[in-house]
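# pasting the sequence and the predicted model now:
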Amino acid sequence: SKPIVAIVGRPNVGKSTLFNALAGEKISIVKDTPGVTRDRIYADVSWLDYNFTIIDTGGIEPESDNIILKSMREQAEIAIETADVIIFMTDVRQGLVDDDHKVVQMLRKSKKPVILVVNKVDSFEKYMNDVYEFYNLGLGDPVPISGASRLGIGDMLDEVVSHF
Ligand code: GDP
Ligand code: MG
């Protein structure tokens with residue numbers, strides 16, 4: 001069967017936007033306010049000679065802020081159980097925050113490969129300096145992307161399929 005790739009990260013970092021870009025159509029709901037997608041959402045993706053299934057784990061995002069961490073624990077559990085490769089997404093505009101560290105702690109418990117993606121790098125020139133702090137997560141080289149403008153997506157997918 002096809003490898004499964006799960007996108008995990010805090011609400012509003014851009015998971016559903018990336019998911020839709022990879023799916024080639026608008027399946028996941030993108031909203032400025034966190035917590036709008038209800039169901040776990042799957043799509044088939046092809047890249048080079050590879051076919052895989054992508055999961056937007058944000059489908060189980062919470063309705064209220066005070067259960068964000070609980071929901072992210074559930075996201076992490078789904079990813080750890082079902083994924084062959086985990087894309088952990090952060091947001092360069094918000095920078096590195098405490099919840100990012102907490103999710104990474106959960107993901108580390110799996111032996112699954114985790115790719116650290118820093119989203120909303122809409123211009124490398126403007127935002128690259130802000131990408132370096134993400135080395136502090138201890139997940140290796142951060143992969144800068146812009147899901148909205150599709151910058152860096154090819155390099156990210158090369159990294160993903162290298163773990164199949
Ligand atoms: P999710 O909660 O992680 O699924 O995040 P969404 O995909 O719903 O996106 C949250 C917000 O960030 C929306 O307003 C998106 O338009 C915006 N967004 C997503 N990706 C990018 C990006 O690459 N650049 C910028 N500037 N905004 C983005
Ligand atoms: Mg979403």
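Cool, the structure landed. Ligands and ions are numbered 1, 2, ... in the order given.

# mean confidence for stretch 51-71?
Averaged across stretch 51-71, the pLDDT comes to 69.

# no wait, stretch 13-24
Averaging pLDDT along stretch 13-24 gives 92.

# same check on stretch 128-148?
97.

# check whether that stretch comes near ligand 1.
Yes - counting by C-beta under 6 Å from any ligand atom, ligand 1 has neighbours in stretch 128-148: Ser146, Gly147, Ala148. In short, each C-beta sits where N, CA and C put it, glycine included.

# which residue, neighbours along the chain excluded, lies closest to the last one?
Spelled out, that is Ala148. Nearest residue to Ala148 in three dimensions, chain neighbours excluded: Thr17, at 5.6 Å (C-beta to C-beta, 6 or more residues apart in numbering).

# swap in the second one?
Of all residues beyond its chain neighbours, the one nearest Gly147 is Leu18 (3.7 Å), with distances taken as C-beta to C-beta, 6+ apart.

# repeat for Leu96
Spatial nearest neighbour of Leu96, excluding adjacent residues (C-beta to C-beta, 6+ apart): Glu133 at 5.1 Å.

# any idea how far Asp100 is from that neighbour?
10 Å (C-beta to C-beta, to the nearest Å).

# ok, those two, which is more surrounded?
Legend: neighbour count by other C-beta atoms under 10 Å for Glu133 and Asp100, higher for Asp100 (23 against 14).

# excluding its backbone neighbours, what's nearest that one?
Thr90 (5.5 Å).

# quick check on Ile80: phi, psi?
phi -70, psi -40 (degrees, to the nearest 10).

# cool, and Met128?
phi -60, psi -40.

# tally of neighbours for it?
With other C-beta under 10 Å as criterion, Met128 counts 13.

# need the contact list for it.
Contact analysis of Met128 by C-beta atoms under 8 Å, 6 or more residues apart in numbering lists Val121, Pro144.

# relative to Ile54, how far out is it?
26 Å.
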